[in-house]
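Asks: Mind folding the following:
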Amino acid sequence: MQVSILASGSTGNATYIETPEHQVLIDAGLSGKKIEELMNSIGRTLNDVDSLFVTHEHTDHSKGVGVLARRYGMDVYANQKTWDAMAPKIGKIKPEQKHLLEAGKVLSLGDLDVESFGVSHDAADPQFYEMHHAGHSFAIVTDTGYVSERVEGVIRDAEAILMECNHDTEMLRMGPYPWTLKQRIMSDTGHLSNEDGARALIDVLGNDTKQIFLGHLSKENNIKELAHLTVENIMKQHDLAVEHDFHLLDTNPDQATALMKL
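Replies: Down below sits the predicted model:
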C-alpha cells in the first residue's frame, strides 16, 4: 500500500491510497483541476482512480466530488446522511456510481479493506476511514472535536496515521474570528488543537506505528512549525522516541506529500 496526502488543511482535503488492485481517494475538497495537478505531481492520474470515499459534506472535503464522479466515472462511497447533505452541492451523479457505506462497517474491495468509523463534528453524519492491505494499515482522523475511546480502539497501532492538528489554542483565542466561531471550533463537535492531536496520538501509538502525518491545519489559526514542535514536545515529555521509533511528518494545503510505501 502506498499513500500520499494530496492536500490537507482548512482550504481543502484529499488523500490518495494505492494497492496493486486499487487506486482510491479519500475526500475531494478541491477543484477537479487542482486534484489532477496534485495527482500528476506524484506521478499518478485521476483516470486510474476507481473509488472515492467521502468523510462528510463540508466543502473542504466534498467540493470536487461531483466533478470527479462525472468526469472520471469513479464509484463514490458515503453514508446516507452525508449523501443527503451534499446532494445539493455536488450535482447529479449516476445512480450506479453512488454507494452507501455507513459508520462501523468494513467494505472489502479485493486487496483493500476500508473500515469506517464515526467522529464528533458538526456535520450531518461525519465518518473517517482506516485502510487495510496485506497487514498494513493507514488511518485518517480529522474534523473531530475529540477522539473517543471507540475511535482510539479502531485506529490504535495503525502503521500510518493522519491526525488533525487544526489550531493553536492561543492563536485561535487571540485571532480575528467571532467568538461564536471560536466556540464552535473549540467545542466537542469542532476541531482538535495541536495539544489535542498530540494527546490522541499518545493514546493510540503502538509498536507498529511508524509514520504520523499532522494535518488539517487552519490557515488563520496555526503554523506548520508550531504544530510540529508542539506535538513533538508533548510526545517527548511522555518519553516517546520521536524520529526514532516513528516519524512526524508535515502536510500542506496545496502540495502533495511524496508517495510513501507502507
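Asks: C-alpha from now on. contacts and neighbour counts both.
Replies: Noted.
Asks: Doesn't Ser116 lie inside a strand?
Replies: Yes - counting by DSSP: H, G, I helix; E, B strand; the rest coil, Ser116 is located in a strand.
Asks: Can you classify the closest residue to it other than its chain neighbours by secondary structure?
Replies: Computed as CA to CA, 6 or more residues apart in numbering, the closest residue to Ser116 that is not its neighbour in sequence is Tyr129, at 4.5 Å. Under the three-state scheme (three-state DSSP), Tyr129 adopts strand.
Asks: Where do the strands of the stretch 151-262 of the chain begin and end?
Replies: 160-164, 211-215, 247-250, 260-261 (DSSP state E, counting those that start in this stretch).
Asks: As TSV, these with mean neighbour count and mean pLDDT would be great.
Replies: Formatted as TSV, those follow (neighbours: other CA atoms under 10 Å; pLDDT from 0 to 100):
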stretch	mean neighbour count	mean pLDDT
strand 160-164	25	98
strand 211-215	24	98
strand 247-250	16	98
strand 260-261	13	98
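Asks: and those as JSON lines, adding distance to Asp125?
Replies: Formatted as JSON lines, those follow (distance: least, CA to CA, whole Å):
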{"stretch": "strand 160-164", "distance to Asp125": "18"}
{"stretch": "strand 211-215", "distance to Asp125": "21"}
{"stretch": "strand 247-250", "distance to Asp125": "28"}
{"stretch": "strand 260-261", "distance to Asp125": "30"}
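Asks: between those strands, which gets nearest to Gln23?
Replies: Of all the strands of the stretch 151-262 of the chain, strand 260-261 sits nearest to Gln23, with 13.6 Å by CA to CA.
Asks: List the pairing partners of the closest one within its sheet, with orientation.
Replies: Applying DSSP bridges, strand 260-261 is found paired with strand 2-7 (antiparallel).
Asks: Next, the angle strand 160-164 makes with the partner strand.
Replies: Here the directions of strand 2-7 and strand 160-164 differ by 20 degrees (axes from the mean of the first three to the mean of the last three CA atoms, to 10 degrees).
Asks: Strand 2-7 vs strand 211-215, what angle?
Replies: On the basis of the same axes, to 10 degrees, strand 2-7 is oriented at 10 degrees to strand 211-215.
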